[in-house]
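>>> Quick one, what's the 3D model for this:
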Amino acid sequence: YGAGFFYIPGTETCLKVGGLVRFEIGAHDPDDFQALIPDPDDRHFDHGWSTLVRAEVTLDARSETEYGTLRGYIRLRGDSVRTAPDTDPALNDGGALSNGPAGGGVNVQDAIIELGGLAMGLTDTLYDAGLSGEFDRGGGDRVHFIRYTFDAAQGVQLAIALEEADRDYDYTPNVVGKIGFSQGWGGANLWGAYDATAEEFAVKAIVTANLTETIFLEGIATYESGLSYYSVDPFNGTGVGITGAEWSAGGLIGARFTPKFKGSIGAQYFSDVGHLGGPNEIDVLRAGVTLDYQIVQNFAAKLAVNYVRADNGIDDADGWHGFLRFDRTF
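Take a look at the predicted model:
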């Protein structure tokens with residue numbers, strides 16, 4: 001199955017142990033979004049800086065059967081986040097001291113059983129996909145799922161999934177489908193999702209193209225009939241009630257300057273962003289620059305600087321945020 005796999009002693013099952021250690025420094029300088037968004041509550045809307053430390057451990061077990069490869073995949077994740085000092089005098093004497101790192105619990109990020117093209121368990125929704133930049137939003141989150149993927153000839157891939165995103169709400173799963181086409185020049189993917197609880201649908205298309213060995217393009221477009229689990233949220237859940245945009249479109253242009261260094265610049269526009277308790281007339285623009293550099297094998301750095309602007313026809317607000325990230329994978 002490739003480098004890193006070894007036989008579990010006394011069995012015909014191969015196992016690979018992997019993981020990730022991440023250190024990230026974030027900077028945030030937004031305008032007053034409260035005129036447009038009720039009660040924002042996320043570190044990306046805080047003034048100042050923050051740090052994130054992430055640890056992941058993965059286990060990948062595979063064996064051969066008469067029906068194809070039997071696989072079990074587990075990914076455990078733990079985050080520790082530290083933000084700028086709290087300014088509440090009752091907590092730390094006017095902000096002179098911080099309250100230390102927050103978080104630290106370990107969660108099951110992925111737990112998947114696969115046999116041939118059939119998969120089931122917990123992972124990101126089939127609808128979850130976006131551009132390679134750090135400014136865009138593509139919709140989707142983790143779900144319990146049953147999925148079948150069929151790899152046809154000429155780079156064509158078909159997938160269908162039943163997904164459960166409602167905790168004990170009903171017995172009706174959501175339905176998500178994907179059609180993909182991949183060639184040396186690039187590829188195109190089309191998704192469709194139906195939220196059985198909200199009784200709304202969403203569609204998304206992503207196209208990539210390698211113009212030369214150095215220059216590449218990516219484009220994204222989304223549409224949703226109404227608010228649903230698959231809504232594209234330009235604020236990424238940071239505002240109370242922010243849940244989606246009627247449609248969005250965006251793209252980026254990038255360059256692979258060397259085998260170890262690449263960069264991209266792009267933007268995405270979101271029309272009629274909806275939120276509970278307010279007008280459905282907010283338009284949002286997100287833009288950003290991303291630089292990726294592989295320092296050595298299995299150790300990489302990423303620098304991202306993003307700009308966000310929101311306008312409801314009466315008031316507007318904008319802001320900057322970004323991060324410097326270091327990932328050690330193994």
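>>> got the CA positions of stretch 50-57 in PDB?
Coordinates of each C-alpha in stretch 50-57 appear next as PDB, following Å, rounded to 0.1, in the frame of the first residue of the first chain:
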ATOM      1  CA  SER A  50      -3.900  34.600  18.600                       C
ATOM      2  CA  THR A  51      -2.000  31.300  18.500                       C
ATOM      3  CA  LEU A  52      -3.200  27.800  17.700                       C
ATOM      4  CA  VAL A  53      -1.400  24.500  18.400                       C
ATOM      5  CA  ARG A  54      -2.900  21.400  16.800                       C
ATOM      6  CA  ALA A  55      -2.000  17.700  17.200                       C
ATOM      7  CA  GLU A  56      -3.300  14.900  15.000                       C
ATOM      8  CA  VAL A  57      -2.700  11.100  15.100                       C
END
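>>> Now it: buried residues?
By neighbour count, and taking 16 or more other CB atoms under 10 Å as the criterion, the buried residues in stretch 50-57 are Ser50, Thr51, Leu52, Val53, Arg54, Glu56, Val57. Just so you know, the C-beta spots here come from the backbone N, C-alpha and C atoms, and that holds for glycine as well.
>>> Take these and write them to CSV, including pLDDT, distance to Gly177 and secondary structure.
Putting those into CSV (pLDDT from 0 to 100; distance: CB to CB, whole Å; DSSP: H, G, I helix; E, B strand; the rest coil) gives the following:
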residue, pLDDT, distance to Gly177, secondary structure
Ser50, 83, 38, strand
Thr51, 89, 40, strand
Leu52, 89, 34, strand
Val53, 93, 37, strand
Arg54, 94, 32, strand
Glu56, 97, 29, strand
Val57, 98, 32, strand
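>>> how many neighbours does Trp185 have?
As a burial measure, the neighbour count of Trp185 was computed by other CB atoms under 10 Å and equals 9.
>>> what residues are up against it?
Ala209, Asn210 (CB atoms under 8 Å, 6 or more residues apart in numbering).
>>> The one 10 residues further on now?
When the contact criterion is CB under 8 Å, 6+ apart, the partners of Asp195 are Ala165, Asn174, Phe201, Ala202, Ser228, Tyr229, Tyr230.
>>> would Ser63 count as being in a helix?
No: per DSSP: H, G, I helix; E, B strand; the rest coil, Ser63 lies outside any helix segment and is strand.
>>> wait, it sits on Cys14?
Yes: with contacts defined as CB atoms under 8 Å, Ser63 counts as touching Cys14 at a distance of 6.8 Å.
>>> any idea whether Arg167 is helix, strand or coil?
Going by three-state DSSP, the state assigned to Arg167 is coil.
>>> re earlier: which pair in the buried residues of stretch 50-57 spans the largest distance?
Across the buried residues of stretch 50-57, the two members that end up farthest from each other (CB to CB) are Ser50 and Val57, 24.0 Å apart.
>>> Point out where the stretch 151-300 of the chain drops to low pLDDT.
By pLDDT under 70, the weakly predicted segments of the stretch 151-300 of the chain are 236-243, 275-280.
>>> Ser80 bridge partners, please.
Note on Ser80: beta-bridge partners by DSSP bridges are Val53, Gly103.
>>> what's the spacing between Val175 and Ile160?
In this view, Val175 and Ile160 are 8 Å apart by CB to CB, to the nearest Å.
>>> scratch that, Val284 is what I was asking about
Applying CB to CB, one obtains 32 Å for the distance of Val284 from Ile160.
>>> Same drill for the two, tell me which one is more crowded.
In this comparison of Val284 against Ile160, neighbours counted by other CB under 10 Å, the higher total goes to Val284 at 25 against 14.
>>> quick one: buried residues of the helix or strand harbouring that one?
Val284 belongs to strand 282-296 when assigned by DSSP states H and E. Buried residues in strand 282-296, counted by 16+ other CB under 10 Å: Ile282, Asp283, Val284, Leu285, Arg286, Ala287, Gly288, Val289, Thr290, Leu291, Asp292.
>>> could you dump the next helix or strand after it to CSV, C-alpha only?
Toward the C-terminus, strand 282-296 is succeeded by strand 299-311 as the next helix or strand (DSSP H and E). Listed next in CSV are the C-alpha coordinates belonging to strand 299-311 (Å, rounded to 0.1, in the frame of the first residue of the first chain):
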residue,chain,number,x,y,z
PHE,A,299,7.9,20.3,7.3
ALA,A,300,6.0,23.2,5.6
ALA,A,301,5.1,26.8,6.2
LYS,A,302,2.0,28.7,5.0
LEU,A,303,1.4,32.5,5.1
ALA,A,304,-2.1,33.8,4.4
VAL,A,305,-3.4,37.4,4.4
ASN,A,306,-7.2,37.8,3.8
TYR,A,307,-9.5,40.8,3.4
VAL,A,308,-13.2,40.8,4.2
ARG,A,309,-15.8,43.5,3.3
ALA,A,310,-19.5,43.4,4.1
ASP,A,311,-22.2,45.8,2.9
